[in-house]
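Peer 1: with the sequence up front, the predicted model follows.
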Amino acid sequence: MSKNNTEKLDRRKLLSSMLIGGLTLPVISSSDESQALDDSNKNSLLWAVAWQETAAEYGALCHQAFNLARLRVDQALSNKAPQSKPLAVITDMDNTLIGASSYWGYLINNGMDFFDDAIWDQWLPENNITAIPGSKDFLNYCHANNVEVFYVTNRNQGEETYQYALDQLHYLEFPYADTDHLTVYRDSSNKTPIKEAIDSTHDLVVMLGDNLNDYKRDYYVDGIDLRYQLMERDKKEFGDKFILLPNPTDGHWVRAIFGDSEPLPTESNRNILKAAATRRAWTRR
Ligand SMILES: [Mg+2]
């Protein structure tokens, strides 16, 4: 995850400056904030991170995704005409191939319950990462069958962004870890241009991501219901043209709730999160 340079602010400093400046938004009191930060056992991230960190079901979903991706590769290989363009797979990196549970665990241990961009930028170069279950075998299978893998990510850690991303591919010993196969967007989460470029030179087999926006820019919209409608529109394409990995902690589904992919850790945003979780809650008579 990354943001434009102009958006890359230390959120806690921003919050402090807004409070000192007497602005009324976001609605928060310092006592409420410290109470929330101290009370880490009630951290709203706990269920999501515990599931991602421990559930065999999480690992099985990842394997299911890569098994299906391999099936699509096998189908493309068997249908490939002798003179056709080379086959290609396009994949996102974060939470698709690269696990970040150590980052989320750090946030929880430090009383934080929302994504923190400044800490993400410090955490990322340390390569405290893991390969998502099934990812490496799938990528190596592509390589063994001359199916080119193109990595496309949206990150911004300053001038070193590209090198950090390339280093992570090397660290995890993924194939095609070179500048011909890695695209990093620092200032936009719109991956459409590189997808179109690859599609013009290769036969695109399948795309992988943990975010529907990795598939189509259409999903970069405000509103939970509209995003859901778009998903239903494309329902026959999932598992075929696009294969989705599970991610319960971050992504544009967060933006659909808050209007921001990286919402501030305020009481008003905690209330918005609760309202999202309970929007169809049973009202007991
Ligand atoms: Mg991702």
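Peer 2: On my side now, so go ahead.
Peer 1: for the stretch 1-150 of the chain, which segments count as helices?
Peer 2: 11-20, 30-38, 46-54, 56-79, 101-109, 117-123, 135-144 (DSSP state H, counting those that start in this stretch).
Peer 1: okay, buried residues for the fourth one please.
Peer 2: Using 16 or more other C-beta atoms under 10 Å as the test for burial, helix 56-79 gives 58, 62-66, 68-70, 72-73, 76. Quick note: C-beta positions are derived from backbone N, CA and C, even for glycine.
Peer 1: which bits of the protein sit near the ion?
Peer 2: Taking C-beta under 5 Å from the ion as the criterion, the chain approaches the ion at residues 92, 94-95, 210.
Peer 1: save those residues as JSON lines, and put in neighbour count and pLDDT too.
Peer 2: Shown next, in JSON lines, are the residues of the chain next to the ion (neighbours: other C-beta atoms under 10 Å; pLDDT from 0 to 100):
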{"residue": "92", "neighbour count": "22", "pLDDT": "97"}
{"residue": "94", "neighbour count": "27", "pLDDT": "97"}
{"residue": "95", "neighbour count": "23", "pLDDT": "97"}
{"residue": "210", "neighbour count": "24", "pLDDT": "98"}
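Peer 1: closest to residue 125 among these?
Peer 2: When these are ranked by distance to residue 125 (C-beta to C-beta), residue 94 comes first, at 13.9 Å.
Peer 1: phi, psi of whatever residue of the stretch 101-250 of the chain ends up closest to the ion?
Peer 2: Proximity of the stretch 101-250 of the chain to the ion (C-beta to the ion) peaks at residue 210, 4.4 Å away. Dihedral pair for residue 210: phi -110, psi 10, per degrees, to the nearest 10.
Peer 1: do the one 3 residues further on as well
Peer 2: Main-chain dihedrals, residue 213, degrees, to the nearest 10: phi -70, psi -20.
Peer 1: how close does it get to residue 219?
Peer 2: Residue 213 is 5 Å from residue 219, where distance means C-beta to C-beta, to the nearest Å.
Peer 1: what's the answer for residue 267, then?
Peer 2: 29 Å.
Peer 1: and if you look at residue 58?
Peer 2: With C-beta to C-beta as the criterion, residue 58 and residue 219 are 22 Å apart.
Peer 1: re earlier: make a markdown table out of the buried residues of helix 56-79 and add pLDDT.
Peer 2: Output for the buried residues of helix 56-79, formatted as a markdown table (pLDDT from 0 to 100):
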| residue | pLDDT |
| --- | --- |
| 58 | 98 |
| 62 | 98 |
| 63 | 98 |
| 64 | 98 |
| 65 | 98 |
| 66 | 98 |
| 68 | 98 |
| 69 | 98 |
| 70 | 98 |
| 72 | 98 |
| 73 | 98 |
| 76 | 98 |
